[in-house]
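> Okay, here's the prediction I keep looking at, along with the sequence it came from:
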Amino acid sequence: MYEKIVTVINRSGVHARPSSVLVQKTKDFKSSIYFQCGDNTINAKSILGIITLGATYGSKIKIIAEGEDEEAAVNALAHLFESKFEEE
């Protein structure tokens, strides 16, 4: 298992477009991938799960992956958060 904590730094939070970008990126990996925000843990390959996570500006999200490409998966998703989902 590999994990990393990221902070949502884009002002509009994780809404529909970033959720779609995240789900598209997860399709590149075979690992099981999850996002944890507060007490909620969701499957990162589910757009509905990501949207219902309610991650707003400043939220801390733990990215968790388990599988053969877990480190690459976590780092790729962390990069999306750090680049503000390439929205700004």
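It's in. Owing to the predicted nature of the structure, the values given are computational and were not obtained by experimental measurement. Numbering: from 1, shown residues only.

> can we go C-alpha only for contacts and neighbour counts from here?
Fine.

> Straight-line length of stretch 43-60, end to end?
16 Å (CA to CA, to the nearest Å).

> That stretch: which residues count as buried?
Within stretch 43-60, the residues that count as buried by 16 or more other CA atoms under 10 Å are 43-47, 49-51, 53, 55-56, 59-60.

> quick check: mean pLDDT across it?
Stretch 43-60 comes out with an average pLDDT of 95.

> follow-up on the earlier one: inside strands: which ones of the buried residues of stretch 43-60?
Cross-referencing the buried residues of stretch 43-60 against strands under DSSP state E gives 43, 60.

> any idea which helix is longest in this protein?
Once the chain is assigned using DSSP state H, the helix that runs over the most residues is helix 70-82.

> can you tell me the average pLDDT over it?
For helix 70-82, the mean pLDDT works out to 97.

> residue contacts, the residue of the chain positioned farthest from its centre?
The outermost residue of the chain relative to its centre, with distances by CA atoms, centre = their mean, is E68 at 18.2 Å. For E68, the contact set (CA atoms under 8 Å, 6 or more residues apart in numbering) comprises 30-31.

> neighbours around the residue lying closest to E66 once chain neighbours are set aside, how many?
Excluding its sequence neighbours, the residue lying closest to E66 (CA to CA, 6 or more residues apart in numbering) is M1, at 4.5 Å. As a burial measure, M1 scores 13 neighbours (other CA atoms under 10 Å).

> quick one: M1 from V74, how far?
Remark: distance between M1 and V74 (CA to CA) = 10 Å.

> what is in contact with those two at once?
64-65.

> Helices along the chain, start to end?
Applying DSSP H to the chain gives helices spanning 16-26, 47-53, 70-82.

> want to try TSV for these, with distance to I33 as columns?
Shown next, in TSV, are the helices of the chain (distance: least, CA to CA, whole Å):
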stretch	distance to I33
helix 16-26	8
helix 47-53	12
helix 70-82	8
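
> show me what contacts N40?
L53.

> Distance of it relative to K30?
Look at N40 and K30: by CA to CA, they are 23 Å apart.

> With A73 instead?
Counting by CA to CA, the gap from A73 to K30 is 9 Å.
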